[in-house]
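**Student:** test case, fold it:
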Amino acid sequence: MKTQEIKLTGWMVIIHILMMLIAGVVLIYTFEFPDILRENMETTLELFYKNKAFTVPAYYLFTLTGISFMTTVLLLFKTLRFHESTSGFLAVVFGVLFGLTSSLGFVRWPFLMQHLGQLAANASSDQLEYIRVIYDSFHIYAGVSIGENFAFWFEFLWMFLFSTSLLSKPEVFPRFIARIGQGLGIGMLIYSLEQFGGTFTALGPLNMIVHTAQLGWLLAVSFLLFNAESARQGKLTITQQVASAGLFALLVIISFV
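**Tutor:** Below you'll find the predicted structure:
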């Protein structure tokens with residue numbers, strides 16, 4: 001592995017994490033994300049449009065995280081030399097598909113939903129019903145079908161397969177990092193059932209827990225990349241361990257308190 005490539009990939013992972021953090025925190029405090037997505041159309045559009053100075057840029061940033069994720073996935077594949085790894089190759093396929101479907105799910109918000117929010121602000125009851133048809137159609141198709149159904153499955157497959165491929169690089173990534181990643185992948189598979197409703201709606205909080213844990217895990221991966229080709233290769237320093245676990249703990253507090 002080339003040191004310059006490793007550093008570039010590590011920084012790309014961190015950039016992706018920062019983009020996710022900024023977009024997520026802004027939406028939590030200005031849009032009551034993600035609970036607001038379970039509210040009715042009027043409540044959702046009103047709050048979204050009221051705080052559009054924050055919600056529109058945040059959702060656009062979320063849209064861009066799909067691109068940053070695809071970039072990260074490809075860089076990891078190239079940097080870690082997974083060309084002869086079946087799990088590594090399949091991880092790239094599903095990672096790119098996840099990034100694409102994720103962006104397609106988010107992109108409706110900064111454009112279509114902003115427009116619908118503007119229309120709904122001064123709409124009559126009859127006009128609201130026409131708006132509702134468009135809102136529900138895109139919410140079910142772009143949001144549930146693509147942004148959740150397909151995206152969650154692709155994310156699970158990337159997470160599990162990529163973590164599995166890390167087992168072939170014990171000199172860079174400790175086995176516990178790979179095992180934690182596999183566990184998070186299985187968690188993604190479980191919470192993906194929430195979209196089917198009914199008793200599965202109870203899995204909603206698991207979505208936030210797993211995603212916040214994934215950001216902490218990705219931070220640890222970036223640290224291990226930076227440590228490669230040095231005396232710390234294959235190990236996380238105490239500071240790095242605390243930073244990764246601390247990020248997870250902090251995000252859980254922000255999400256649920």
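**Student:** show me the helices in this protein, by range?
**Tutor:** 3-31, 41-50, 52-79, 86-106, 114-121, 125-138, 151-166, 175-191, 204-227, 238-256 (DSSP state H).
**Student:** which parts of the second one are buried?
**Tutor:** Buried residues in helix 41-50, counted by 16 or more other CB atoms under 10 Å: Met41, Thr44, Leu45, Leu47, Phe48, Tyr49. Quick note: C-beta positions are derived from backbone N, CA and C, even for glycine.
**Student:** now for the fourth one: which residues touch it?
**Tutor:** Going by CB atoms under 8 Å, 6 or more residues apart in numbering, Leu47 touches Phe31, Glu32, Ile36, Thr55.
**Student:** which ChimeraX command selects the buried ones in those?
**Tutor:** To isolate in ChimeraX the members of those that are buried, counting by 16+ other CB under 10 Å, one can use:
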select :31,55
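**Student:** which among the contacts of Leu47 gets closest to Phe256?
**Tutor:** Glu32 (12.7 Å; CB to CB).
**Student:** next, the contact list for that closest one, please.
**Tutor:** Leu47.
**Student:** which residues does stretch 213-230 contact?
**Tutor:** Outside stretch 213-230, the residues touching it (CB under 8 Å, 6+ apart) are 1, 3, 6-7, 9-11, 13-14, 16-17, 20-21, 79, 159, 172-174, 177, 180-181, 184, 187, 233-237, 240-241, 243-248, 251.
**Student:** low-confidence stretches in the chain?
**Tutor:** 1 (pLDDT under 70).
**Student:** tabulate the buried residues of helix 41-50 (TSV), appending distance to Ala142.
**Tutor:** Shown next, in TSV, are the buried residues of helix 41-50 (distance: CB to CB, whole Å):
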residue	distance to Ala142
Met41	15
Thr44	15
Leu45	15
Leu47	19
Phe48	15
Tyr49	18
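**Student:** relative to Arg132, which of the residues you listed is nearest.
**Tutor:** For the buried residues of helix 41-50, the nearest to Arg132 is Met41 (5.5 Å; CB to CB).
**Student:** isn't Val144 up against Gln195?
**Tutor:** Yes: with contacts counted by CB atoms under 8 Å, Val144 reaches Gln195, the gap being 5.7 Å.
**Student:** distance of the closest residue to Tyr60 other than its chain neighbours from Phe94?
**Tutor:** In space, and not counting its chain neighbours, Tyr60 is closest to Pro110: 4.3 Å by CB to CB, 6 or more residues apart in numbering. If you measure Pro110 against Phe94 using CB to CB, to the nearest Å, the figure is 26 Å.
**Student:** give me the number of residues near His83?
**Tutor:** 9 (other CB atoms under 10 Å).
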